[in-house]
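**Student:** Next input, structure requested:
(chains A and B)
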Amino acid sequence: MRAPLVGWILGAMVIGAGAWPASAQAPPAEEIMRRAHLAMYYPGEDMRARITMRLVSKDGGERVREMTMARRTVREGGEQRYFVFFHRPPDVRDLAFLVWKYPGRDDDRWLYVPALKLVRRIAASDRHTSFVGSDFSYEDVSGREPEDDTHKLLREEPVGGREAYVVESVPKESADFSRKLSWIDRAMWLPLKEEYYDRRGDLARVYTAEEVKEVQGFWSAVKRSMRNVQSGHRTDAVFDDLRYNLKLSPELFSERALRAPPAELTR
Amino acid sequence: MRRCLWLLALAASIASPKPAFAEQFPIHGFVQAASSYRLIRPAACPPTQSLACEEPFILGEGRARLELAPRGEWWALNTKTELIYDAAGQDVNVDLREGYLDLRFPALDLRIGRQIITWGVGDLIFINDVFPKDWGAFISGLPLEYLKKGSDAVSATAHWAGTSLQLVLMPHFVADAVPEAGGRLSFFDPAAAIETRTTDDPSPSIEHTQVALRASRNLFGWDVSLSAYRGFFLSPAGEVEPGPRLRLFYPPLNVYGASAQGSALGGVLSFEAGYYDSRSDRSGRNPSVPNSSIGLLAGYQREIVPDLIVSGQYYVQVTQNYGAYLKTRSPAMPACCAARHVLTLRLTRLLFHQTLRLGLFVLGSPNEGDWYVNPEASYQVTDAISASLGFNFFGGPPWSPYGQFKGDSNAHAVLRYAF
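**Tutor:** All right, here's what the predicted structure looks like:
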């Protein structure tokens, strides 16, 4: 079995200001998941990364999706805007994708089809749809609100040498999983591992943060993997050139940028 | 021709440049083979359409595309050049599909050159999209992108406080490519007996520059737009002159329209309306020029389960002064209804990590009786190779918009290697 965590780049004292004192009693499960949500999806005012996703089938067949993703937070823990520009494969090259994410209601999503020079809205009712055919869903990419689940702290246990809280989350309303177990790092608050169980209660998907490093003071999972244990298919995502607080203008997350993305969104 | 081969050779020689160079001066393209086999032979062919009865293949072609797109911080050049070998017609052509310069200013985007422009929210129903289309490519089963043709235009888009205003000037008139006499497609031709034909070109005359204007913005979560166009009908009208001789021409046209698209009812709702002002036949008494008309469209799209998307549309086109047309038309001209109603349904299913796409598009007019059915499967064999197989079935009265293509119903296949 592969170690769930490799390639740590750690300072001497990684316990940042946001860490819960080790001696204190563990925080409530809701608080752990709220902080994990912020650590995973809301670091910095904005971010940009070049993401390479490798979709690997059970028999080793591989497909590659390469994109630049930019994100801007309108309100911490709330509304966000995403811009995704595809570099490859050739059939989606120059295709761009804009999402305005709102808590508590459906996203607004737009797709730019370069061959037709056409911007069109796309239906966003299902957040469980696969993101570009990968094992990550839209919800995995832009985050599931902690309030959508009830949480229970099960135990504390180490993952790959890191101390973690193990939290069980059960959706309040029907979702594509019946139960999720999350291993949340006690110091960085990032999820190190997640297990999604299907409606029958069988293990369906496993997320692992393969490499975590500090970028401009924010702990970031720069290598991530989502494995479908039932089909044997997995997706490895690598974040290169990850930068935060680039002062990306709100106007970049618009139809104008979809039609002619400036270099700031395509690097 | 020779120059294009040289360009392709150049592209091949530098196809694997250093990454940094590739970033600044990207070279892409594809090679593609496409074929379309006629499934229903026309019942009879007039002399002007004899090929439709003789040729089992509507399409058999090889295509190589080279895309060069050097760009800087505030400018970009985009060219898509195609070398097309028409195996069915034993012919080689070079086509500059797109070739434009983008200039980016703080609140203004300029695009100059041959460019594809798409307006409106309809799915294969065009009201405010006043830009040229290739209906021959669509009927034959070429990939959908070939339905759109480039316009030779200057486009300026100003952005101010969330509102965008686009002005498009097209000094050179580019018509829709429609099935023509002497081609391989069968179609309804009220003057089929007349083989002598001429076509009047509205350009090049500077006062005949086509002008299109569109304002758009997001309003209460909806994408709304208003548009206007002054130019010409993109499909020709015909008039029989002494000889007899058929004169094809493009009557003047103004279009005023609006559209709105937003999230509602768990999906996406779309509305579009347009008024076609047929400037040279406002009374409707000239039977060879289309009358003015009003088009209205409502559409809804929803993902009902992951990777299964359903959409439907209702469209109506109401012809103005229909009575005047009925009184003046010749007996060979069709006469159905003052209002044409159209319903469409589209199902899209993605499978195997979205590498297999199964699609079904159905369009039908309940009152005119014509229809179009397009099942299609496309598979991404690898990241570079794709293969697709589809069918176009047309039916209905022989003079109706889709029924006239019954004899072009086909099975088509496309194989593409892209780099």
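**Student:** what residue ranges in the stretch 1-150 of chain A score low on pLDDT?
**Tutor:** In the prediction, the stretch 1-150 of chain A carries residues with pLDDT under 70 at positions A:1-24, A:125.
**Student:** So which bits of it are right by chain B?
**Tutor:** The stretch 1-150 of chain A comes close to chain B at residues A:55, A:57, A:63-64, A:88-91, A:93, A:106, A:108, A:115-118, A:120-126, A:128-130, A:132-134, as judged by C-beta under 8 Å from any C-beta of the partner chain. Heads up, the C-betas are built off the backbone N, CA and C, glycines and all.
**Student:** could you flag which of those residues are buried?
**Tutor:** For the residues of the stretch 1-150 of chain A next to chain B, a neighbour count by 16 or more other C-beta atoms under 10 Å in any protein chain shown gives the buried set as A:55, A:63, A:88-91, A:93, A:106, A:108, A:115, A:117-118, A:120-126, A:128-130, A:132-134.
**Student:** Which residue ranges of the chain form helices?
**Tutor:** By default, I'm working from chain A. Under the criterion DSSP state H, chain A contains helices at A:29-41, A:138-142, A:255-259.
**Student:** That was the other one, I meant chain B.
**Tutor:** Using DSSP H, the helices of chain B run over residues B:2-13, B:19-24, B:50-54, B:135-140, B:322-328.
**Student:** In CSV, list the helices of chain A along with mean neighbour count and distance to residue B:79.
**Tutor:** Shown next, in CSV, are the helices of chain A (neighbours: other C-beta atoms under 10 Å in any protein chain shown; distance: least, C-beta to C-beta, whole Å):
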stretch, mean neighbour count, distance to residue B:79
helix A:29-41, 20, 40
helix A:138-142, 20, 34
helix A:255-259, 20, 18
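**Student:** could I get the ones you listed as TSV with distance to residue B:196?
**Tutor:** Shown next, in TSV, are those (distance: least, C-beta to C-beta, whole Å):
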stretch	distance to residue B:196
helix A:29-41	70
helix A:138-142	60
helix A:255-259	45
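**Student:** re earlier: out of the residues of the stretch 1-150 of chain A next to chain B, list just those in strands.
**Tutor:** In strands, defined here by DSSP state E, the members of the residues of the stretch 1-150 of chain A next to chain B are A:55, A:63, A:64, A:88, A:108, A:118, A:120, A:121.
**Student:** Identify all residues paired with the first one through a beta bridge.
**Tutor:** Translated: residue A:55. For residue A:55, the beta-bridge partners under DSSP bridges are residue A:63, residue A:235.
**Student:** now swap in the last one and tell me
**Tutor:** Following DSSP bridges, residue A:121 is listed with bridge partners residue A:110.
**Student:** For residue 209, which non-adjacent residue is closest in space?
**Tutor:** If you meant another chain, say so; for now it's chain A. residue A:221 (3.9 Å; C-beta to C-beta, 6 or more residues apart in numbering or on different chains).
**Student:** Not quite, go with chain B.
**Tutor:** What sits nearest to residue B:209 in space, not counting adjacent residues and going by C-beta to C-beta, 6+ apart, is residue B:171, at 4.6 Å.
**Student:** Likewise for residue A:175?
**Tutor:** For residue A:175, ignoring the flanking residues on the chain, the nearest one in space by C-beta to C-beta, 6+ apart is residue A:128 at 7.1 Å.
**Student:** And the one you found, how close does it get to residue A:138?
**Tutor:** Here the criterion is C-beta to C-beta, to the nearest Å. By it, residue A:128 lies 7 Å from residue A:138.
**Student:** Report the contact partners of the residue nearest to residue A:209.
**Tutor:** With contacts taken as C-beta atoms under 8 Å, 6 or more residues apart in numbering or on different chains, residue A:221 has the following neighbours: A:40, A:190, A:191, A:209, A:210, A:211, A:212, A:239.
**Student:** picking that back up, residue B:207 is in contact with the residue nearest to residue B:209, correct?
**Tutor:** No. At 10.1 Å, residue B:171 does not count as touching residue B:207 under the criterion of C-beta atoms under 8 Å.
**Student:** Those two: which is more packed in?
**Tutor:** For residue B:171 against residue B:207, the residue with the higher neighbour count under other C-beta atoms under 10 Å in any protein chain shown is residue B:171, and the figures read 15 against 4.
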